[in-house]
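*Asks:* For reference, the sequence and a predicted model appear below.
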Amino acid sequence: MVKISPLVTFFFNGEEYYITQTISLQELIEYFAYQSTLFVVEYNNFICNKNKWNEIKIQENDSIEIITIVGGG
């Protein structure tokens with residue numbers, strides 16, 4: 001029997017994405033190669049502590065935004 005994985009839809013920086021396997025927020029950030037010292041993560045409208053990134057699993061209709069820190073003078 002062939003098992004078909006459910007397609008999970010989520011939103012990353014305003015764009016719609018699809019995954020077929022469970023991934024953590026940490027894995028998503030690593031996939032997109034962000035420098036973790038230069039941004040914060042908004043997960044479903046809340047700022048997410050970096051210590052929790054590996055514990056949070058991407059689920060249906062999650063909204064993730066990367067908020068970069070920009071310096072200036």
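*Replies:* Yep, it's here. Residues are numbered from 1 along each chain as shown.

*Asks:* Residue ranges in the chain under the pLDDT threshold?
*Replies:* Residues of the chain that meet the criterion pLDDT under 70 lie in 1-5, 73.

*Asks:* so residue 26 sits in a helix?
*Replies:* Yes. Counting by DSSP: H, G, I helix; E, B strand; the rest coil, residue 26 falls inside a helix.

*Asks:* so it touches residue 51, yeah?
*Replies:* No. Residue 26 sits out of contact with residue 51 when judged by Cβ atoms under 8 Å, with a separation of 10.3 Å. C-beta coordinates here come from the backbone N, C-alpha and C atoms, glycine included.

*Asks:* okay, these two: which has more neighbours?
*Replies:* The neighbour count for residue 26 versus residue 51, taken as other Cβ atoms under 10 Å, is higher for residue 26 (16 against 7).

*Asks:* which ones are touching that one?
*Replies:* 53-54, 56 (Cβ atoms under 8 Å, 6 or more residues apart in numbering).

*Asks:* What of residue 53?
*Replies:* Going by Cβ under 8 Å, 6+ apart, residue 53 touches 24-26, 29, 41.
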